[in-house]
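Trainee: Show me the folded form of this:
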Amino acid sequence: MGHKFNPGQMAKLDSPARRKLLPPEATVNKLGINPGSVVADIGCGTGYFTFPLAGAVGMEGLVLGVDISEEMVKEARRRWEQEHGAPDNVRFLLSRENGLPLEGQRVDLVFMSAVLHELEEPQVFFREIDRILRSQGKVVVVEWKKEPMEMGPPEQERLSMEETSGLLAACGFATLEVLDLGEAHYGVIAQQQSTKGCSK
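Mentor: Numbers count the residues shown, from 1 in each chain. Reported below is the predicted structural model:
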């Protein structure tokens, strides 16, 4: 798959251009997240989606912001504490790509934006996602449309909606809904099935 996002360019993650292209609050509002849910924001970056996800789950819920970049985790935690004080319903955790620091069957929903196209071993990764999800848990995958654009990864590194749904299906997740998230992005909401496990 594609190369990893450079943490040295983290300012791009919260730029006005990105907020216009993929508004975080409006995107989260389309997900139908129940208050009190436990959500894992995988590849949380600087907290672009973590903050509105925290609003969706409310104080009785929990958002786990996870990233493989120590710089990203530190910046996300700094921003949250600057705006909200000590984290109450949000925690930021440093992770390995295929080794999430989360308990098994802990999470109701996994959210991942612009992560899938960067994975080295998607089948291994989704086995780990399967481990942390509660029974019938959901995954939300937000990705760049596979079209030429000035912003985002090269077109050849992107995944079409059909490719994303196919990969999820191969890993035991059935697509429930496809979201059109504007001119540059789409979302796939998928649910964990009783027959699980990625095909090799």
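Trainee: didn't Leu31 look like it was pressed against Glu177?
Mentor: No: using C-beta atoms under 8 Å, Leu31 is not in contact with Glu177, being 9.5 Å away. Heads up, the C-betas are built off the backbone N, CA and C, glycines and all.
Trainee: Now do the shared contacts for those two.
Mentor: Counting by C-beta atoms under 8 Å, 6 or more residues apart in numbering, the common neighbours of Leu31 and Glu177 are Ile189.
Trainee: the more surrounded of these two?
Mentor: Leu31 (21 against 14; other C-beta atoms under 10 Å).
Trainee: residues contacting that one?
Mentor: Shown in contact with Leu31 (C-beta under 8 Å, 6+ apart): 56, 109, 111, 140, 189.
Trainee: now whichever strand in the chain runs longest, how far from the chain's geometric center?
Mentor: Taking DSSP state E as the criterion, the chain has its longest strand at strand 133-144. Relative to the centre of its chain, strand 133-144 is centred 8 Å away, using C-alpha atoms, centre = their mean, to the nearest Å.
Trainee: can you pull the buried residues of that strand?
Mentor: Across strand 133-144, burial judged by 16 or more other C-beta atoms under 10 Å covers 133, 137-144.
Trainee: and the helix or strand following it, what does it pack onto?
Mentor: Using DSSP states H and E, the helix or strand that follows strand 133-144 towards the C-terminus is helix 161-170. Secondary-structure packing of helix 161-170 (3 or more C-beta pairs under 8 Å, 6 or more residues apart in numbering; DSSP states H and E): helix 122-132, strand 133-144, strand 173-180, strand 185-192.
Trainee: Most remote residue from the middle of this protein, which is it?
Mentor: The centre of the chain is farthest from one residue, Gly85, which by C-alpha atoms, centre = their mean lies 23.8 Å away.
Trainee: how close does that one get to Arg77?
Mentor: 12 Å (C-beta to C-beta, to the nearest Å).
Trainee: nearest to Asp67, of the contacts of Leu31?
Mentor: Phe111 (12.7 Å; C-beta to C-beta).
Trainee: list the contacts for that closest one?
Mentor: Applying C-beta under 8 Å, 6+ apart, the residues contacting Phe111 are 31, 39-42, 49, 53, 139-140, 142.
Trainee: returning to what we had before: redo the buried residues of strand 133-144 as CSV? Include distance to Arg91 and pLDDT.
Mentor: Formatted as CSV, the buried residues of strand 133-144 follow (distance: C-beta to C-beta, whole Å; pLDDT from 0 to 100):
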residue, distance to Arg91, pLDDT
Leu133, 18, 97
Gly137, 18, 96
Lys138, 20, 97
Val139, 20, 98
Val140, 19, 98
Val141, 22, 98
Val142, 21, 98
Glu143, 25, 97
Trp144, 28, 96
